[in-house]
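J.: sequence and computational prediction follow.
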Amino acid sequence: MEEHDYSQGQLYRSLDRRQVLSGGAALLAGGVAGCLGMGDNGEDDGSGDLTNIHMLNLEGSMFVPVFFYGREQDLWASRGIDLSIEVAGFGKFSRTFSEGLATGLSPLSSLPLAGNLAGDTGVKCFGQTMNFINQCFVQNDSDIEEPGDLEGMTVGVPGRGSSTTRYYIAQWAELYDFDLMNDPTEIVDSPTSTLYNFLEGNEEIDAGILFTGDTIKALANDDLRSIYNPVPAWEEQHGYPPSVTMFGVFDDFLNENPSVVMDFWDGWTEAVELFRDEFDQAMNQYGAVGGIDLSSEGEVDEVRQLVNEGQLFPTDWDEEWIQMNVDLFKLVEQYGGLDAAPDTDSFLTHEEIQDMS
């Protein structure tokens with residue numbers, strides 16, 4: 001997942017297919033402050049029959065095409081929801097709930113959301129959006145086979161304070177008894193694109209941890225090899241894969257609109273199914289907005305495989321999923337990656353939301 005701070009996100013609401021393809025992931029100049037028919041609390045203001053939800057999406061993240069393609073097929077409109085989407089850089093995206101930048105509900109990176117849940121922000125989590133697939137790579141001919149082999153090596157990280165690095169510190173300590181910040185001889189802190197170039201050129205670093213877009217690029221590169229995929233590795237030990245983005249909803253919106261929250265979730269699960277079933281069409285239209293190089297058959301095929309294998313967008317959610325996430329957040333807190341971890345009271349099952357209706 002790309003974690004850079006951009007000055008402004010933009011609303012892709014009026015982008016048609018030609019604009020998306022011609023501009024790739026380029027952003028429109030100037031932001032759009034709001035959407036017609038949207039009241040301050042997300043309720044319809046009388047100009048239409050739909051409940052308005054304005055959410056943020058992270059620029060270059062793979063879940064963005066799912067939302068755009070699903071919205072184009074009216075999967076939310078048919079459920080009475082007028083969904084507007086603002087695509088933003090990580091800096092703005094991380095403030096989705098703490099600064100009230102969304103209306104009603106929105107996806108958010110899991111560690112910033114965990115901070116909101118454990119703090120005084122009036123928000124609850126009701127599901128996950130995307131698995132944490134940011135992987136660690138080495139040269140294909142390297143003798144390194146697993147994270148424990150990196151002792152005494154030079155390892156590249158995409159920002160010591162990034163969510164990815166904080167997750168890796170906790171997961172590698174738990175799974176391999178490996179101290180990411182101290183066991184290597186040197187830590188190279190660089191943007192993920194720079195780390196990819198170091199790996200491809202077989203220089204500067206022995207291994208590099210990459211964000212989602214460069215993970216896809218590296219998986220399609222025969223000269224590179226992954227030594228850690230958090231989805232199967234964490235799932236094998238804990239029963240479920242870790243989530244990199246999750247869904248949050250403001251408490252007041254949830255209390256007033258529990259059925260709308262469930263309608264939104266049903267639209268999301270149908271969008272995931274449709275994205276898988278109509279993958280080529282969906283990628284041709286919106287893959288570039290998700291940071292995928294559509295001219296690279298290898299990258300597209302890697303995404304196709306992840307989607308078909310269910311490694312990207314899980315649609316299950318229950319008490320066991322919740323407990324796994326809470327345990328992982330507490331582990332991240334233990335290793336200094338969170339000031340405080342939320343407890344299970346900050347998470348709601350879908351049955352609990354339905355009981356509110």
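T.: In hand now; what should we look at?

J.: in three-state terms, label Ala288 for me.
T.: Following DSSP: H, G, I helix; E, B strand; the rest coil, Ala288 is assigned to helix.

J.: just want the most central residue of this protein.
T.: The chain has Thr245 as the residue nearest its centroid, 3.7 Å off, counting by Cα atoms, centre = their mean.

J.: who's it bridged to?
T.: With DSSP bridges as the criterion, Thr245 is bridged to Ser109, Met130.

J.: got the contact list for it?
T.: By Cβ atoms under 8 Å, 6 or more residues apart in numbering, Thr245 lies in contact with Met1, Leu58, Ser61, Phe63, Pro107, Leu108, Ser109, Ser110, Gln128, Thr129, Met130. From N, CA and C alone the C-beta is placed, and that goes for glycine too.

J.: most neighbours among these, which one?
T.: With neighbours taken as other Cβ atoms under 10 Å, the top of the contacts of Thr245 is Leu58, carrying 30 neighbours.

J.: that one reaches Ser110, doesn't it?
T.: No. Under the criterion of Cβ atoms under 8 Å, Leu58 is not in contact with Ser110, lying 11.8 Å apart.

J.: re the thing from before, okay, the contacts of Thr245 in TSV with distance to Arg276 and pLDDT next?
T.: Below are the contacts of Thr245 laid out as TSV (distance: Cβ to Cβ, whole Å; pLDDT from 0 to 100):
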residue	distance to Arg276	pLDDT
Met1	20	41
Leu58	21	90
Ser61	17	89
Phe63	13	94
Pro107	18	98
Leu108	23	96
Ser109	23	93
Ser110	23	94
Gln128	17	96
Thr129	15	96
Met130	14	94
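
J.: which one of these is nearest Asn257?
T.: Among the contacts of Thr245, Pro107 lies closest to Asn257 (Cβ to Cβ), at 17.4 Å.

J.: how about that closest one, what does it touch?
T.: Counting by Cβ under 8 Å, 6+ apart, Pro107 makes contact with Met55, Leu56, Asn57, Leu58, Phe63, Thr129, Met130, Thr245, Met246, Phe247, Gly248.

J.: tell me, how many neighbours does Asp49 end up with?
T.: Residues near Asp49, counting by other Cβ under 10 Å, number 9.

J.: which SSE is it in?
T.: Secondary structure assignment for Asp49, by DSSP states H and E: no helix or strand.

J.: which one is it nearest to, not counting chain neighbours?
T.: Distances taken as Cβ to Cβ, 6 or more residues apart in numbering put Gly80 closest to Asp49, at 7.1 Å, once the chain neighbours are dropped.

J.: just give the number of residues close to that neighbour.
T.: Residues near Gly80, counting by other Cβ under 10 Å, number 15.

J.: next: the one 3 residues further on.
T.: For Leu83, the neighbour count with other Cβ under 10 Å is 23.

J.: need the three-state assignment for it.
T.: On the three-state scheme (three-state DSSP), Leu83 is labelled strand.

J.: quick one, helices of the stretch 201-350 of the chain?
T.: Along the stretch 201-350 of the chain, counting by DSSP state H, counting those that start in this stretch, helices occupy 212-219, 230-238, 251-256, 258-277, 279-286, 297-308, 319-334, 350-356.

J.: equivalent analysis for the stretch 51-200 of the chain, please.
T.: Under DSSP H, counting those that start in this stretch, the stretch 51-200 of the chain gives helices at 63-72, 90-93, 110-118, 163-176, 192-200.

J.: so for Ala102, which of the ones you listed sits nearest?
T.: The nearest among those, by Cβ to Cβ, is helix 90-93 at 9.9 Å.

J.: my guess is Glu302 meets Leu219, correct?
T.: Yes. If you go by Cβ under 8 Å, Glu302 and Leu219 touch, sitting 4.5 Å apart.

J.: of the two, which one has the most company?
T.: Taking other Cβ under 10 Å, Glu302 and Leu219 do not tie; Leu219 has more neighbours (23 against 19).

J.: what's near enough to touch the more buried one?
T.: Each residue near Leu219 by Cβ under 8 Å, 6+ apart is listed here: Gln135, Ser226, Glu302.

J.: what's the closest of those residues to Ser163?
T.: Closest approach to Ser163 among the contacts of Leu219 (Cβ to Cβ): Gln135, at 14.6 Å.

J.: and that closest one, how far from Glu309?
T.: The gap separating Gln135 from Glu309 is 14 Å, by Cβ to Cβ, to the nearest Å.

J.: so which of the two has more stuff around it?
T.: Using other Cβ under 10 Å as the criterion, Gln135 and Glu309 rank with Gln135 on top: 25 against 10.

J.: so the more buried one sits against Pro230, correct?
T.: Yes. At 7.3 Å, Gln135 and Pro230 qualify as touching, with contact defined as Cβ under 8 Å.

J.: quick one on the thing from earlier: now for the contacts of Thr245: which two are most distant?
T.: The widest separation within the contacts of Thr245 (Cβ to Cβ) is 14.4 Å, between Leu58 and Gln128.

J.: which regions of this structure sit below the pLDDT cut-off?
T.: 1-48 (pLDDT under 70).

J.: hmm, try it at 50
T.: For the chain, the stretches with pLDDT under 50 are 1-47.

J.: mind listing what's buried along stretch 244-251?
T.: Applying a neighbour-count criterion of 16 or more other Cβ atoms under 10 Å, one finds Val244, Thr245, Met246, Phe247, Gly248, Val249, Phe250 buried in stretch 244-251.
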